[in-house]
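Participant: predicted model follows, preceded by the sequence.
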Amino acid sequence: MAYALRGPALRDHIATVAAALFYAEGIHRVGVDRIADKAGVTKRTLYHHFPSKDVLLAEALRGAPTIAFPRAGSPLARILGAFAQLGAFLQATAFRGCPYIIFTAELTERGHPARRVIEERIRERRGWFERRLREANASDPAALAEELDVLFDGALASAAKRGTLEPVEAATRVANRLLEHHCALVAG
């Protein structure tokens, strides 16, 4: 029972359980009763930590499965490594796909707290690409980061829909060509 946990640890536990349920089954299919039961808490305890399902959803999204981007290697190797990590993530999650894409599809209200978390995470990912591109002295790192981010998202969505890594492999080849072109322009 989760009652051995208190305060922030209990709050994190509830959010982690909710994240797994939302990710596996969808936001609208999972109710707070089920989350409370699976977390081993009462509904009252759940609402003590999260005043609404929307607030719980936003917090759960912060703990949803993520793709770990490489922290070592050259900037270009790290970017291509991110695409490799994408493939590993998809295999580990049985091709369920990106929680940001899944949740966005279910959340039609633009101002929803979870949508704001998603938008923040996407900005962070695009920023990660841009920082690596600046480190590599790529031409127009902001524009190239946007292209890589769209390519990354597209590969993630397509691979999840198709249940195969072929889109990730294709995206990796395109990313490699983009990097060769943009970095060659700087070097040449």
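Facilitator: The structure has been received and is ready for your questions.

Participant: mind checking how far residue 154 is from residue 101?
Facilitator: The gap separating residue 154 from residue 101 is 10 Å, by CB to CB, to the nearest Å. In short, each C-beta sits where N, CA and C put it, glycine included.

Participant: domain boundaries for the chain, per the record?
Facilitator: Here the domain assignment for the chain is 2-62, 75-187, based on automatic domain parsing.

Participant: what would the ones you listed look like in TSV with mean neighbour count?
Facilitator: Listed next are the domains of the chain as TSV, based on neighbours: other CB atoms under 10 Å:
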stretch	mean neighbour count
domain 2-62	17
domain 75-187	17
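
Participant: which of these sits closest to residue 68?
Facilitator: domain 75-187 (5.8 Å; CB to CB).

Participant: tell me the centre residue of the protein?
Facilitator: residue 66 (4.6 Å; CA atoms, centre = their mean).

Participant: determine the three-state secondary structure at it.
Facilitator: Put simply, residue 66 is coil when judged by DSSP: H, G, I helix; E, B strand; the rest coil.

Participant: and the gap between it and residue 56?
Facilitator: 18 Å.

Participant: list the contacts of the residue nearest to the centre of the chain.
Facilitator: Applying CB atoms under 8 Å, 6 or more residues apart in numbering, we find residue 66 in contact with 89, 99.
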